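S.K.: I'd like to go over a predicted model; first the sequence, then the structure.
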Amino acid sequence: MITVFGAPPTRALRVLWMLEEMNLPYEVRRVDFAKRFEDAEFMAIKPAGSVPAIRDGDATLNESCAILEYLGAKYGPTPLAPPPSDPNYPAYISMLHFGEASLGAPLNILVASRFFAPEEHKKNWGAEFSIELFVRRSAVLQERLKKGPYIAGGAFTAADISCVYAIGLSKHFGFDNYMGIYSVGQGVTLLSDFVGGKFMLPRGKVTPYALAGLGGGYFSAGTGAATSFATRYGGGMTIPINDSVAWRVEYSRLNFHLQTSPNSAWTSGNNFAAGIVFKLN
Ligand SMILES: N[C@@H](CCC(=O)N[C@@H](CS)C(=O)NCC(=O)O)C(=O)O
């Protein structure tokens, strides 16, 4: 029995997808990401501390795309892993590795910078460059798909699994627009609009997310009006009811560049929202 260390939405998804396609028996050994360095069994297999890894009898392997190659070679033949004699083999083997080495790997720098780095390091040059790399390199996929229905020719292969995961990783980054009209008391009305980024990490049926955005606020009172620059950050969770309707709860902190006291040029507020969202397909 093959044991897979790690679970979706990590790169373990590539391995599980291949195992399912090949109809091979396996078990998933979850790795608690926050405590992985204390997980002796996992660290013995993957001293680098990243997922996925597999144990297959006495063999242990890591690197998601190497695992795909191993499964095809060991448990094939399978159309998912064409042999060197196949005319599509050169495209297959290069795109299998392209999906991680060229597409997936640079995104790790972006994820770490945007979500774990201290505030002053979030928009570092390296993180911005990794977006540029990803966009430029993903054009290779378009070229491949102009030539055939799949990444490496006429049939679905492990190269598709590899590249689709990388594209899916970029989908965790979304666009967020947030508009609101509020009565803030003492005859003041606030009209605000924020645009920004969103990082979504699906966990089973629930999708928690973090968000950050920039925007503007327009305050109007009986006596006059003021426009101000504003920032917004926070997080929330979406829980689907069906394919097009979901519950959403969200908290965000709004900061307006507006002097309301002699000591501060900023004024802030907390925003809690709960409701139903509709998806238009
Ligand atoms: N090239 C490796 C990358 C593995 C990787 O970066 N995994 C992520 C999760 S999808 C991870 O564990 N990151 C945390 C770390 O490296 O410490 C592979 O394809 O297996």
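M.R.: Noted; the coordinates are in hand. Computed from a predicted model, the values in this text were never measured in an experiment. Numbering: from 1, shown residues only.
S.K.: give me the domain ranges for the chain.
M.R.: As recorded under automatic domain parsing, the domains making up the chain are 2-75, 89-170, 174-278.
S.K.: for the ligand, which of the ones you listed is the nearest?
M.R.: Closest approach to the ligand among the domains of the chain is made by domain 2-75 (3.2 Å; CB to the nearest ligand atom). (Each C-beta comes from the backbone N, C-alpha and C, glycine too.)
S.K.: need the contact partners of stretch 149-161.
M.R.: Outside stretch 149-161, the residues that touch it by CB atoms under 8 Å, 6 or more residues apart in numbering are 14, 17-18, 21, 65, 68-69, 72, 79-82, 87-88, 91-93, 95-96, 98-99, 141, 144-145, 147-148, 163.
S.K.: re earlier: could I get the domains of the chain as JSON lines with mean pLDDT and mean neighbour count?
M.R.: Compiled in JSON lines, these are given as follows (pLDDT from 0 to 100; neighbours: other CB atoms under 10 Å):
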{"stretch": "domain 2-75", "mean pLDDT": "95", "mean neighbour count": "17"}
{"stretch": "domain 89-170", "mean pLDDT": "89", "mean neighbour count": "17"}
{"stretch": "domain 174-278", "mean pLDDT": "85", "mean neighbour count": "14"}
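S.K.: any chance of those domains in TSV, plus distance to the ligand?
M.R.: As requested, the domains of the chain are exported to TSV (distance: least, CB to the nearest ligand atom, whole Å):
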stretch	distance to the ligand
domain 2-75	3
domain 89-170	5
domain 174-278	11
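S.K.: how close does E20 sit to G6?
M.R.: In this view, E20 and G6 are 15 Å apart by CB to CB, to the nearest Å.
S.K.: one more: T227?
M.R.: As judged by CB to CB, T227 and G6 stand 48 Å apart.
S.K.: ditto for Y178
M.R.: Distance, Y178 to G6, using CB to CB: 34 Å.
S.K.: same check on P240?
M.R.: Applying CB to CB, the value for P240 to G6 is 24 Å.
S.K.: next: W247.
M.R.: On the measure of CB to CB, W247 and G6 end up 29 Å apart.
S.K.: what lines up beside the helix or strand where M237 lies in the sheet?
M.R.: Per DSSP states H and E, M237 falls inside strand 224-240. Strand 224-240 sits in its sheet next to strand 207-221 (antiparallel), strand 245-256 (antiparallel), going by DSSP bridges.
S.K.: next one: the longest one to chain centre, how far?
M.R.: Spelled out, that is strand 207-221. On the basis of CA atoms, centre = their mean, to the nearest Å, strand 207-221 sits 21 Å off its chain's mean C-alpha point.
S.K.: how about the helices of the stretch 51-200 of the chain, start to end?
M.R.: Using DSSP state H, counting those that start in this stretch, the helices found in the stretch 51-200 of the chain span residues 64-75, 89-97, 105-116, 125-147, 158-170.
S.K.: what sits up against stretch 116-124?
M.R.: Taking CB under 8 Å, 6+ apart as the rule, stretch 116-124 contacts 113-114, 127.
S.K.: change it to 6 Å
M.R.: Identification of contacts with stretch 116-124 by CB atoms under 6 Å, 6 or more residues apart in numbering yields 113-114.
S.K.: check contacts around L61.
M.R.: Shown in contact with L61 (CB under 6 Å, 6+ apart): 54, 67, 70.
S.K.: wait, the second one touches V15, no?
M.R.: Same thing as I67. Yes - the pair I67 and V15 qualifies as a contact (CB atoms under 6 Å) at a distance of 5.1 Å.
S.K.: overlap in contacts of these two?
M.R.: What both I67 and V15 touch, as defined by CB under 6 Å, 6+ apart, is an empty set.
S.K.: and the gap between D193 and R114?
M.R.: For D193, the distance to R114 equals 22 Å [CB to CB].
S.K.: and what of P8?
M.R.: Here the criterion is CB to CB. By it, P8 lies 21 Å from R114.
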